[in-house]
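Visitor: for reference, the sequence and a predicted model appear below.
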Amino acid sequence: QVQLVESGGGLVQAGGSLRLSCVASGRTFSTHLMGWFRQAPGKEREFVAAISRSGSITYYPDSVKGRFTIFRDNVKNTVWLQMNSLKTEDTAVYSCAANRYSNDFDSPSAYNYWGQGTQVTVSS
């Protein structure tokens, strides 16, 4: 079992930055591909970023590429999402997730464990 706890959400003006953190319990963090997803009211869950188990490979959709950065520390059992140049359309609940068995990085169904989510609100 892996438990994930996110933090760092909040209210920010458009153009601002936030850094989200996700701390994992247990000793198997390094064996999990980690991802961030978001869900806005009335919309489907959307892939935001993922990072390979070693941290050497990252994945982003076009909507956040160049603005968001995912990185991890396997000693600290933590994955971060640095969000810059935020836009109002980035407003959503952001959740981190852990993928133990698959290399599928952008499908929510590939992830085995989820955090509770943290709200990010970007005002104009």
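Guide: Received it, and whenever you're ready, just let me know what you need.

Visitor: could you pull out the strands in this protein for me?
Guide: With DSSP state E applied, the chain shows strands at 4-7, 10-13, 18-24, 33-39, 46-51, 58-59, 68-73, 78-83, 92-99, 113-114, 118-123, listed in chain order.

Visitor: helices or strands next to the first one in the packing?
Guide: When you say that, I think you mean strand 4-7. strand 18-24, strand 92-99 (3 or more C-beta pairs under 8 Å, 6 or more residues apart in numbering; DSSP states H and E). Glycine gets a C-beta too; all of them are placed from N, C-alpha and C.

Visitor: quick one: strands adjacent to it?
Guide: Partner strands and pairing direction for strand 4-7 (DSSP bridges) are strand 18-24 (antiparallel).

Visitor: could you find the closest non-adjacent residue to Leu33?
Guide: The shortest distance from Leu33 to any residue other than its chain neighbours is 4.1 Å, reached at Asn99 (C-beta to C-beta, 6 or more residues apart in numbering).

Visitor: mind checking pLDDT for that neighbour?
Guide: The predicted structure scores Asn99 at 97 on the pLDDT scale.

Visitor: that one and Val93, how far apart?
Guide: For Asn99, the distance to Val93 (C-beta to C-beta, to the nearest Å) stands at 19 Å.

Visitor: between those two, which has more neighbouring residues?
Guide: Relative neighbour count places Asn99 above the other of Asn99 and Val93, with 22 against 18, counting by other C-beta atoms under 10 Å.

Visitor: got the contact list for that one?
Guide: When contacts are counted by C-beta atoms under 8 Å, 6 or more residues apart in numbering, Asn99 touches His32, Leu33, Met34, Gly35, Ala50, Phe105, Ala110, Tyr111, Asn112.

Visitor: may I ask which of those residues has the most neighbours?
Guide: Once you tally neighbours by other C-beta under 10 Å, Met34 ends up highest among these, having 30 neighbours.

Visitor: surely Asp104 meets Tyr59?
Guide: No. Asp104 is beyond contact range of Tyr59, at 10.5 Å (criterion: C-beta atoms under 8 Å).

Visitor: residue nearest the centroid of the protein?
Guide: Among the residues of the chain, the smallest C-alpha distance to the mean C-alpha position (C-alpha atoms, centre = their mean) belongs to Trp36, namely 2.2 Å.
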